[in-house]
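Chemist: With the sequence up front, the predicted model follows.
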Amino acid sequence: MRHGALALVVGFAACSTDGTGPDLSPLQSLVLNRDVALVAADAAAQDVELIGGPGGSFGIGLAPSLAAADDEHAPFRCGTHTRDGLSVVRTCTFKNAAGETQSSYDPQTTASVSIHAEIDGNLSRDNWSATIERVRDLVVSGLAGNETRRTWNGTGTSTSTRSRHREGTETRQYDVSANGVMTNVVVGVPRSANVWPLSGTITKNVTIKITGGPRDGQTVTRTVTITFNGTQFVPITVNGDTFTFDLRIRRIVRDNG
């Protein structure tokens, strides 16, 4: 990215709410889309951790290390805790194959688990910080007996206020809200041999409100799709621009254009 062009993002001229205003240049759009990709992908990385994947360098403690992938039951240990400025509250509902509620997880008879998760607090990365609130309602199926794969589906909402993106001497700030759908995200069992989700997508509709600068209060919208592929490097598409995100270190590592 050319630093001289970054300041233009917060100075959008006549941006329409669909994010394709006539005065939004291709470079301005790319910079904004990259910021949106970072926010959306960071939330997706937390989702991976929530479903039992590794926490990475910036994990929130749902799976504190790669060793946690050896613990197949980790996603179903619900409760309340705090980690690195974040509050995490998870509630689990266990059901057998007949749809009957169980008092606890049983690896042989539990067929599905519904997880309601609420995560809020302050995040700080190398070049991004925000105050976040994220809510997830997820269902994992395919659990009963000697499983080889689990499939996750669900929905989620999130807000990131004072989302500050720093690059060189430039700073861009937004308030970001999103709602999304997790569709058929498949993870292999045992997790020690299948660390990252094998397939599936997370799709988000994102609204970005510019805060500060001459265009304070203007909004744009974006559609984000994150596609899992069995590796830590996942493609993220934001309104036609594609980026590669590293789930382990929580960074965009390549702009694919």
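Modeler: Noted; the coordinates are in hand.
Chemist: So which bits of stretch 192-211 are buried?
Modeler: Within stretch 192-211, the residues that count as buried by 16 or more other Cβ atoms under 10 Å are 194-197, 200-204, 206-211. Where you see a C-beta, it was placed from the backbone N, CA and C, and this is true even at glycine.
Chemist: And the strands in this protein?
Modeler: Here the chain has its strands, by DSSP state E, at 79-83, 86-96, 101-102, 110-124, 128-141, 149-167, 170-188, 199-210, 219-227, 233-238, 241-246, 251-255.
Chemist: Now those strands in JSON lines, please, with extra columns for distance to E49.
Modeler: JSON lines is the format used below for the strands of the chain (distance: least, Cβ to Cβ, whole Å):
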{"stretch": "strand 79-83", "distance to E49": "11"}
{"stretch": "strand 86-96", "distance to E49": "10"}
{"stretch": "strand 101-102", "distance to E49": "24"}
{"stretch": "strand 110-124", "distance to E49": "10"}
{"stretch": "strand 128-141", "distance to E49": "11"}
{"stretch": "strand 149-167", "distance to E49": "13"}
{"stretch": "strand 170-188", "distance to E49": "12"}
{"stretch": "strand 199-210", "distance to E49": "13"}
{"stretch": "strand 219-227", "distance to E49": "14"}
{"stretch": "strand 233-238", "distance to E49": "14"}
{"stretch": "strand 241-246", "distance to E49": "14"}
{"stretch": "strand 251-255", "distance to E49": "16"}
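Chemist: Make TSV out of these and add mean pLDDT and distance to N33.
Modeler: What follows is the strands of the chain, written out as TSV (pLDDT from 0 to 100; distance: least, Cβ to Cβ, whole Å):
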stretch	mean pLDDT	distance to N33
strand 79-83	81	30
strand 86-96	91	26
strand 101-102	95	43
strand 110-124	92	20
strand 128-141	94	15
strand 149-167	92	12
strand 170-188	93	12
strand 199-210	95	10
strand 219-227	95	7
strand 233-238	96	4
strand 241-246	95	4
strand 251-255	87	9
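Chemist: Between those strands, which one is closest to P26.
Modeler: Proximity to P26, assessed across the strands of the chain by Cβ to Cβ, is greatest for strand 241-246 (9.4 Å).
Chemist: what helices or strands is that closest one leaning on?
Modeler: For strand 241-246, the elements it packs on are helix 26-50, strand 233-238, strand 251-255, judged by 3 or more Cβ pairs under 8 Å, 6 or more residues apart in numbering; DSSP states H and E.
Chemist: Only C-alpha atoms, please: export the second one in PDB.
Modeler: Translated: strand 233-238. Only the C-alpha atoms of strand 233-238 are listed here, as PDB (Å, rounded to 0.1, in the frame of the first residue of the first chain):
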ATOM      1  CA  PHE A 233      -4.000 -19.300   5.300                       C
ATOM      2  CA  VAL A 234      -7.600 -18.600   4.200                       C
ATOM      3  CA  PRO A 235      -8.900 -16.400   1.400                       C
ATOM      4  CA  ILE A 236     -11.200 -13.500   2.300                       C
ATOM      5  CA  THR A 237     -13.200 -11.800  -0.400                       C
ATOM      6  CA  VAL A 238     -14.600  -8.300   0.200                       C
END
